[in-house]
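>>> Provided below are the primary sequence and the corresponding predicted coordinates.
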Amino acid sequence: MRYLVVGSGGREHAIYWRLMSDGSASEVYVAPGNGGIDKNFRVNISATDFEGLYKFVKEKSIDMVVVGPEVPLVAGIVDFFIDRGVPCFGPKKAAAMIEGSKLFAKRIMEKYNVPTAKHYDFKGQSDLLDFLKKSHFPVVIKLDGLAAGKGVAIPENYEEAFSFVKENVGESTDVYIEEYLEGEEASVLGISDGTTVIPFIAAQDHKRVFDGDKGPNTGGMGAYAPAPVITSERMDFIQKEVMQPVIDGLRSEGAPFVGILYAGVMVTKNGIKVLEFNARFGDPETQVILPLLDVPLGTLFKAAIDGNLHKVSVRFKNEHAMTTVIASRGYPGSYEKNKVISGLNDVQDVMVFHAGTEEQNGQIVSSGGRVLNVTATGSSLKEAKEKIYSQIDKIKFDGAFYRRDIGYKAL
C-alpha cells in the first residue's frame, strides 16, 4: 500500500513511522511533512491545497490518504478525495463539525444524552461580560470554532475573564461559558467506521506549559499511556455512554463519522463528563498510543473506510509509553525559530518524533513552538520516563525547554 499522510506535526510523523514500521505500507509520503521525514518522502504541498494534493496522489498512484490535522478536515478534504474516488481516512466535513464548532458538539451531546458540563451561549462581548460580573469563579470560557487548543480560558476572577474576552471576542464571535469541572482529565481516542466505534487505550495529555501544571494552556507538552485514571469500568462507560451515542447521533443526523473520534473527558466526583470532542488523532497522544498498538495501523484504517470495524480486533501491548515535548523559547506565545538542533543522532532507546522542524542546508532547525517529541516505551511508566530523561539533554538548540514532570499523576 502507498499512503499520503497530510500534515506536518509530531502526530503525522508518528503515523508515518507506524505505517512504515508495522508492515502496513511500502511507501508513505507526508505533505508537507517536517525535518524528521525522509526527504525522499516529504512533499512540499500545503495541507489545504487539495488540488495540489490530488495531483500528487494521481502521479504516485497513492492507495489511501490519511488526514492528520483538523483544519483540512473541517474544510472538507475527505469529501474532496472521496468525490474523486480516492480512499481517504477521516470524517467528512459535516461530521468534522464535532470539532469545528464547540457549540455544534454541545448540541449533539445534549440531544443524545452524553454527559457534559452545563453551558450558556453568547455572541459578542456585552451580554457575556454582564454574565461574568455575576459569575462565581473559576469558570470556563470557550470560543466556538478551531483555535489550535488555545481557544479556552479558565479565569480565576473577573479581571482575568475581562482581559481574555477583550483580547479574543469580537462582536460576531460565538462564545460560551461552561461550569468549571474539578477532577482528572484524560483523552480517549476511538476509531469508527460510522457505525462501530472501538476505543484505544486512554492517554493523559499535559496542557500547561510549566511543571506542576502551571502557566498558560498549550497544544500539549507531553503525554503518557495508558492513563490509570480510566479504569476498565470507566472505559466501558465511555464507549457505551459517550462514544457510541455520538457515532449513532451523527449517523442519524445524516453525518456519519468515519475516522478518529477523540473524547477529552474529566473524571469528576459526579462521574465522567465530556470536555470536548476532536475529529482526529490527538497531538501528542498519538505519539504514545501508536507505539503500543499491537495490530497494523493500515488494517484499522482500511476496516474503518470499508465499514468493517466489527470484524477486526484492536489490541495493545502490555507496556507503557511516554512522550515529552521540547519547545521553543517563548511558546505558547510568540516563539523563536530557525535554531539549529544538535544531538538528534546521539540519543539511544528513545524515538524522536519531529513536530516543528525543517531541513535547511542539510541541518535540522526549529520551525514551530512545539519542536520535538522524545518518546519511549517500557514495562512500566517509570522505565519509559527514565529512558526519556536520561537522553533528552543530549538534544540541544538555543532556547529549548521542556517539562520534567510528565506522567506525575500516574507515578
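Here it is on my side, so go on. Numbers count the residues shown, from 1 in each chain.
>>> Tell me who's in contact with Glu160.
Residues touching Glu160, when contacts are defined by Cβ atoms under 8 Å, 6 or more residues apart in numbering, comprise Ala153. (Each C-beta comes from the backbone N, C-alpha and C, glycine too.)
>>> Doesn't it belong to a strand?
No - Glu160 is assigned helix when assessed by DSSP: H, G, I helix; E, B strand; the rest coil, not a strand.
>>> and Thr375, what does it touch?
Contact partners of Thr375, counting by Cβ under 8 Å, 6+ apart, are 287-288, 291, 321-324, 350-353, 388.
>>> Include distance to Met64 and secondary structure when you put those into CSV, please.
What follows is the contacts of Thr375, written out as CSV (distance: Cβ to Cβ, whole Å; DSSP: H, G, I helix; E, B strand; the rest coil):
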residue, distance to Met64, secondary structure
Gln287, 21, helix
Val288, 24, helix
Pro291, 21, helix
Ala321, 25, strand
Met322, 30, strand
Thr323, 26, strand
Thr324, 31, strand
Val350, 29, coil
Met351, 24, strand
Val352, 26, strand
Phe353, 21, strand
Ile388, 32, helix
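>>> My guess is Ile82 contacts Cys88. True?
Yes - Ile82 lies in contact with Cys88 (Cβ atoms under 8 Å); the separation is 5.7 Å.
>>> higher neighbour count, the two?
In terms of neighbours (other Cβ atoms under 10 Å), Cys88 is the more surrounded of Ile82 and Cys88; the figures are 27 against 16.
>>> Now the phi/psi pair for the more buried one, please.
Recorded main-chain torsions at Cys88 are phi -140, psi 120, according to degrees, to the nearest 10.
>>> is it in a bridge, and if so with what?
When bridges are called by DSSP bridges, Cys88 pairs up with Val65.
>>> Show me what counts as buried in stretch 257-275.
Of the residues in stretch 257-275, those scored as buried under the neighbour-count criterion (16 or more other Cβ atoms under 10 Å) are 257-267, 272-275.
>>> List the contacts of Phe281.
If a contact means Cβ under 8 Å, 6+ apart, then Phe281 has 11, 15, 68, 189, 260, 262, 289 as its contacts.
>>> do the same with Asn34
Applying Cβ under 8 Å, 6+ apart, one finds that Asn34 lies in contact with 8-9, 12-13, 42, 354-358, 367.
>>> Assign a three-state SS to the residue nearest in space to the middle of the chain, would you?
The chain has Gly282 as the residue nearest its centroid, 1.7 Å off, counting by Cα atoms, centre = their mean. The three-state assignment at Gly282 reads coil, by three-state DSSP.
>>> hang on, isn't it packed against Val188?
No - under the contact definition of Cβ under 8 Å, Gly282 does not touch Val188, with a separation of 9.8 Å.
>>> shared neighbours, these two?
By Cβ under 8 Å, 6+ apart, Gly282 and Val188 have these common neighbours: Tyr262.
>>> Could I have the CA atoms of stretch 239-259 written out in PDB?
What follows is stretch 239-259 as a C-alpha-only set of coordinates in PDB (Å, rounded to 0.1, in the frame of the first residue of the first chain):
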ATOM      1  CA  GLN A 239     -17.700   3.500  25.000                       C
ATOM      2  CA  LYS A 240     -21.400   3.000  25.800                       C
ATOM      3  CA  GLU A 241     -22.500   6.400  27.100                       C
ATOM      4  CA  VAL A 242     -20.100   8.800  25.300                       C
ATOM      5  CA  MET A 243     -18.700   7.400  22.000                       C
ATOM      6  CA  GLN A 244     -21.400   5.200  20.700                       C
ATOM      7  CA  PRO A 245     -24.200   7.700  21.300                       C
ATOM      8  CA  VAL A 246     -22.200  10.400  19.400                       C
ATOM      9  CA  ILE A 247     -21.500   8.000  16.500                       C
ATOM     10  CA  ASP A 248     -25.200   6.900  16.400                       C
ATOM     11  CA  GLY A 249     -26.300  10.500  16.700                       C
ATOM     12  CA  LEU A 250     -24.100  11.800  13.900                       C
ATOM     13  CA  ARG A 251     -25.300   9.000  11.600                       C
ATOM     14  CA  SER A 252     -28.900   9.800  12.400                       C
ATOM     15  CA  GLU A 253     -28.200  13.500  11.700                       C
ATOM     16  CA  GLY A 254     -27.000  12.500   8.200                       C
ATOM     17  CA  ALA A 255     -23.300  13.000   9.000                       C
ATOM     18  CA  PRO A 256     -21.800   9.500   9.600                       C
ATOM     19  CA  PHE A 257     -18.400   9.800  11.400                       C
ATOM     20  CA  VAL A 258     -15.600   7.700   9.900                       C
ATOM     21  CA  GLY A 259     -12.200   8.300  11.400                       C
END
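>>> So in that sheet, which strands flank the worst-scoring helix or strand of the chain on mean pLDDT, and in what orientation?
Here the helix or strand of the chain ranked lowest by mean pLDDT, DSSP states H and E is strand 152-153, holding a mean of 86. Using DSSP bridges, strand 152-153 pairs in its sheet with strand 140-143 (antiparallel).
>>> what mean pLDDT does the partner strand have?
Per-residue confidence for strand 140-143 averages out to 90 on the pLDDT scale.
>>> the domain parsing of this structure - what is it?
Structural domains of the chain, as assigned by automatic domain parsing, span the residue ranges 2-92, 120-178, 182-311, 320-394.
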